[in-house]
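Student: The sequence and its predicted three-dimensional model are supplied below.
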Amino acid sequence: MDAREEELKCPVCVETFSDPVRLPCGHNFCQTCIQVVWNMDDPKTSREGPLFCPECQILLPPDLELVINSGLQRKVQDVFARAPSLEESSQMSPSVIMCDQCIGNTEVAVKSCLTCDASLTYGNISLVF
């Protein structure tokens, strides 16, 4: 992976961004990842108390609204659009991982959960995350 593609990775999950959000300090994270970091103690509660950027530790406003970074999201989509097709990639590399939730027309997984080991497409990420 080249340096340009490397900057399309979330510093929390170290995977390609999924619904990237940009914090006021300029750091980007997957929307799900930053929500998990901020709700680490109890994911059932809403965010309360001070919020910090996991990268630079800057204090963020408690009423911060997370907005999708559409520019970064387009870059991620462009990289996937240029990626080889499933047939080409399975011939090129044995490390292609297929989605565990797809039935029938199986697609290449884009994220894997480190807790339950599920591998999913963007469309199925909400099943685990």
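Tutor: Alright, I've got the coordinates. Numbering: from 1, shown residues only.
Student: tell me the domain ranges of this structure?
Tutor: Domain assignment of the chain by automatic domain parsing yields the ranges 1-83, 84-129.
Student: In a markdown table, list these along with mean pLDDT.
Tutor: Formatted as a markdown table, those follow (pLDDT from 0 to 100):
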| stretch | mean pLDDT |
| --- | --- |
| domain 1-83 | 84 |
| domain 84-129 | 66 |
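Student: And for residue 99, the neighbour number?
Tutor: For residue 99, the count of nearby residues is 21 (other CB atoms under 10 Å). For the C-beta atoms, the positions are set from N, CA and C on the backbone; glycine is no exception.
Student: And the strands in this structure?
Tutor: 20-22, 28-30, 51-52, 59-60, 111-112, 119-120 (DSSP state E).
Student: wait, which of these is closest to residue 39?
Tutor: With CB to CB, the closest approach to residue 39 among these belongs to strand 51-52: 10.4 Å.
Student: Just checking the distance from that closest one to the centre of its chain.
Tutor: 19 Å (CA atoms, centre = their mean, to the nearest Å).
Student: Who are the packing partners of that strand?
Tutor: For strand 51-52, the elements it packs on are strand 59-60, judged by 3 or more CB pairs under 8 Å, 6 or more residues apart in numbering; DSSP states H and E.
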